[in-house]
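Engineer: One predicted model, sequence on top.
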Amino acid sequence: MKIFVVGCGGWGMALSILLHENGHEVTAWSFFEEECRMLREEHGNERLLPGVTLPEDIEITNDLTGAAEADIVLMAVPSFAVHSTAQQLSHIIPPQTVIVNVGKGLDRDNGYCRFSETITNATNGKNPVVALTGPTHAEEVARGILTAILAASESRAAATLVQQAFMNDRFRVYISPDIIGAELGGCFKNIIALAAGICDGVGLGDNSKAALMTRGLTEIARLGVKLGGRSETFAGLSGMGDLIVTCTSMHSRNRRAGIKIGQGMDAQQAMKEVGAVVEGYYATEAGYMLAKKEGIDMPITCAMYDLLYRGKPVQECIQKLMERPRKSEIEDIWR
């Protein structure tokens, strides 16, 4: 297959390497001509993927029109660029070309809609969209470390095509029709990962983090189901799986930023020091606004919003969570 990768960040490069290993003809695009030059000359990016070599026959381009010939277009761009990139692609790619999005977040400028909705709106629904999401770090995928991921789409044919294109003996791909749950799990787990880093930063223990992750997943699923996702999706790779890896790995930008915040650093400075987009910061605002709109109880998300956007002290937010009224773990269990 011909696969056009839009975005030469760590994830775009890692998946380009994987797809090349699977025998596909891969072209990778960057908006930045200087980045294209570096990748052509150095065959890698030591800052993003140290020690990883990009195969020489992966074509690097600054010309987006090459996407017109692709069987699959893979979007690996920052969340703020999803809408504009999809609009550009809508004028280039033919109908029925499958678009795969690996970004995790919501479109803040369009009412916090999911990225698959943003892409579908930009292309007027002419292209099937697949969300490729789950417990994955680019650093490990690029090195061939065993990984499992979810390809979710309303189109079974599109999800199956992606499964066939990406899957090998080190990269296992499952498929699902629940693109709503898959995208929301991938977005909102970043809130909890940021909170998990704060736990580490203030010196709380394993008990604390386990409670945070478990109750965090509960409130993510509560909102996700209200927005149309299926509850079982949040117990799968794009929910629990992604939550575990993002809350525990030092590859996680959200966790690293959270550690710095927990140690007393201002949120903006913490994100600056991490040196990459910390999606949990923006996901917190999205989760908070959607929870208010839908009338869903999300105490951890609300505490994170108070901390990040209202400047409340970390210890005050933690204490407020612990002093909440007594609850049953499983809602409505006594009815």
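Structural biologist: On my side now, so go ahead. Residues are numbered from 1 along each chain as shown.
Engineer: and the host helix or strand of residue 289, what does it pack onto?
Structural biologist: For residue 289, the element it lies in under DSSP states H and E is helix 279-294. Helix 279-294 sits against strand 106-107, helix 179-202, helix 206-226, helix 253-262, helix 299-309, with contacts defined as 3 or more CB pairs under 8 Å, 6 or more residues apart in numbering; DSSP states H and E. C-beta here means a position set from N, CA and C on the backbone, and glycine is covered the same way.
Engineer: angle of that helix against helix 299-309?
Structural biologist: 120 degrees (axes from the mean of the first three to the mean of the last three CA atoms, to 10 degrees).
Engineer: Helix 279-294: how far from the chain's middle?
Structural biologist: 15 Å (CA atoms, centre = their mean, to the nearest Å).
Engineer: orientation of it relative to helix 206-226 in degrees?
Structural biologist: 50 degrees.
Engineer: picking up where we left off before, looking at the helices and strands packed on helix 279-294, which is nearest to residue 54?
Structural biologist: helix 253-262 (21.7 Å; CB to CB).
Engineer: What's the local residue count around the residue lying closest to residue 320 once chain neighbours are set aside?
Structural biologist: Nearest non-adjacent residue to residue 320, counting by CB to CB, 6 or more residues apart in numbering: residue 303, 6.2 Å away. Neighbour count of residue 303, defined by other CB atoms under 10 Å: 24.
Engineer: now the closest residue to residue 96 other than its chain neighbours: how far from residue 94?
Structural biologist: When the adjacent residues along the chain are set aside, residue 96 lies closest to residue 127, with 6.6 Å between them (CB to CB, 6+ apart). Using CB to CB, to the nearest Å, residue 127 is found at 9 Å from residue 94.
Engineer: So if I had to pick from these two, which one is more boxed in?
Structural biologist: Regarding residue 127 and residue 94, a neighbour count based on other CB under 10 Å identifies residue 127 as having more, with 22 against 11.
Engineer: Tell me where this protein has helices.
Structural biologist: In the chain, the segments counted as helices under DSSP state H are 10-21, 33-42, 82-90, 115-122, 138-141, 156-166, 179-202, 206-226, 242-248, 253-262, 267-274, 279-294, 299-309, 314-322.
Engineer: Residue 51: which of those is closest?
Structural biologist: By CB to CB (comparing all of those), the closest turns out to be helix 138-141, at 9.5 Å.
Engineer: Contacts made by the closest one with the rest, please.
Structural biologist: 9, 10, 11, 13, 14, 15, 18, 48, 49, 147, 171, 251 (CB atoms under 8 Å, 6 or more residues apart in numbering).
Engineer: again, only this time at 6 Å
Structural biologist: 10, 11, 14, 147, 251 (CB atoms under 6 Å, 6 or more residues apart in numbering).
Engineer: got it, and stretch 239-247?
Structural biologist: With CB under 6 Å, 6+ apart, stretch 239-247 has contacts from 134, 135, 185, 186, 189, 193, 196, 213, 217, 233, 252, 254.
Engineer: How far off centre is that stretch?
Structural biologist: 11 Å.
Engineer: try stretch 303-321
Structural biologist: That offset, for stretch 303-321, works out to 24 Å (CA atoms, centre = their mean).
Engineer: quick one on the thing from earlier: what is the nearest of the contacts of stretch 239-247 to residue 37?
Structural biologist: Of the contacts of stretch 239-247, the one sitting nearest to residue 37 (CB to CB) turns out to be residue 252, at 30.1 Å.
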